[in-house]
Every structure is written in structure tokens, then in C-alpha cells.
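S.K.: let me see the structure of the following:
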Amino acid sequence: MGASLKWCNFTGSLFQSSLLRGVLFRGGSLRHVVFKECIINACDLDRCKTEGLMIDKCYIVSSNNLINRLDPSQIIDSKVYKSFPEKELFNPILIDVIQELRKNDFVRRSSVLHRKLNKIDTITLTYLLDRFDENFLIEQLPNVCMKIEREFHTISYIDQLLRKQV
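M.R.: Numbering: from 1, shown residues only. Below you'll find the predicted structure:
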């Protein structure tokens, strides 16, 4: 989140199940890079080399710079949003569950489920709803997340904990 990776060479790399929020890739090489099942928010690819870059099953929000630079064939089975979906589009009970998870210091500090100004990360919520039933999330998110006792920084960590409950 908020990383400055200017002029870095990531040629041939795989970013899988990563949360990329406000990452500055300016001037770097993203040749033949694959972003798979990532959440990409407000990332800047200004002057990047993007030949062969593939975005597969990702959630992209507020990243016009990225979308405008790529050929549509480079974006596979991904969801593109101009802004975060409004929380009113989601079940209020699920929203309350997510808000309650702020009580766990590790969940709150990870900022995986929450954004600044006491907002819910509705893209991450969409990611979870695409993978799990809404009622399952309402029941299991509190059980799983309130037991977290270590630092984490990816939605894949919560995803793995939830999969163990299935």
C-alpha cells in the first residue's frame, strides 16, 4: 500500500492474491508480468513497459492510468470500477459485521477490510462475496477474524482462514 516502486524491473513476475493500493510503478518494467486475483486500487503505471502484462481475475478500482495503457485483451475476467461501490449496495448485517471487526487490532491495522475515514473497503467485500455465500460470511467472519493474533496484509490470509471453515 502506497509503495513507490519507480524504475523497478518486475519482468516475468507473478503478483497473486495481492492488495495493491496506491502503488507507483512509474518507469518500471512490467513486461510479461501477471496480476492474478489481485485487488488493484489507484496504481500508477506511467511510462511503464507493459508488453505481455496480463491482469487475470482482478478487481480494479480508480486506476484509469492502468486501464487506458493496456489493450483489452490484457485484462481477463476482471472487474473494473471507477470508484468503490457504495456500502448501501450490500446487506446491512454484513456491513455491521465488517465494522465490528475493527475491534481486532490486527484486522484494523491491516486495512484490508477498511479504508480511511471509517469506510468499508467494498472492493474487498465484493471479492469475498464472489468466493463465499453472504450468510457464511455473516456467520464466519467474526469467528475467524476475532481470533487473528498476528500481523497480516492481504485478503488471501482471511480467504484461507474462511476456507478452513467450509
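S.K.: tell me the domain ranges of this protein?
M.R.: Here the domain parsing of the chain from automatic domain parsing is 14-81, 87-163.
S.K.: tell me which of those sits most buried.
M.R.: domain 14-81 (a mean of 18; mean count of other C-beta atoms under 10 Å). Bear in mind the C-beta positions are built from the backbone N, C-alpha and C, glycine included.
S.K.: okay, Leu53 and Cys38: tell me how far apart.
M.R.: Distance of Leu53 to Cys38, given as C-beta to C-beta, to the nearest Å: 12 Å.
S.K.: lowest-confidence helix or strand of the protein?
M.R.: Lowest mean confidence among the helices and strands of the chain (mean pLDDT, DSSP states H and E): helix 64-69, at a mean of 80.
S.K.: CA atoms only for it - export them in CSV, please.
M.R.: What follows is helix 64-69, C-alpha atoms only, in CSV (Å, rounded to 0.1, in the frame of the first residue of the first chain):
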residue,chain,number,x,y,z
ASN,A,64,-7.7,4.7,-15.2
ASN,A,65,-4.0,5.2,-15.9
LEU,A,66,-3.6,1.4,-15.8
ILE,A,67,-6.8,0.6,-17.9
ASN,A,68,-6.0,3.2,-20.6
ARG,A,69,-2.5,1.9,-21.1
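S.K.: what does that helix rub up against?
M.R.: 40, 43-46, 48, 50, 60, 75, 80, 82 (C-beta atoms under 8 Å, 6 or more residues apart in numbering).
S.K.: and of the residues you listed, the nearest to Ser18?
M.R.: For the contacts of helix 64-69, the closest approach to Ser18 (C-beta to C-beta) belongs to Ile40, at 8.4 Å.
S.K.: do I have it right that the closest one meets Ser63?
M.R.: Yes - if you go by C-beta atoms under 8 Å, Ile40 and Ser63 touch, sitting 5.7 Å apart.
S.K.: may I have the beta-bridge partners of Ile76?
M.R.: In this entry, Ile76 is beta-bridged to Asp56, by DSSP bridges.
S.K.: can you tell me the centre-most residue of the protein?
M.R.: Centroid-nearest residue in the chain, with C-alpha atoms, centre = their mean: Ile39, separated by 2.6 Å.
S.K.: tell me the contacts of that one?
M.R.: Counted by C-beta under 8 Å, 6+ apart, Ile39 has contacts 18-21, 58-59, 61, 123-124, 127, 155.
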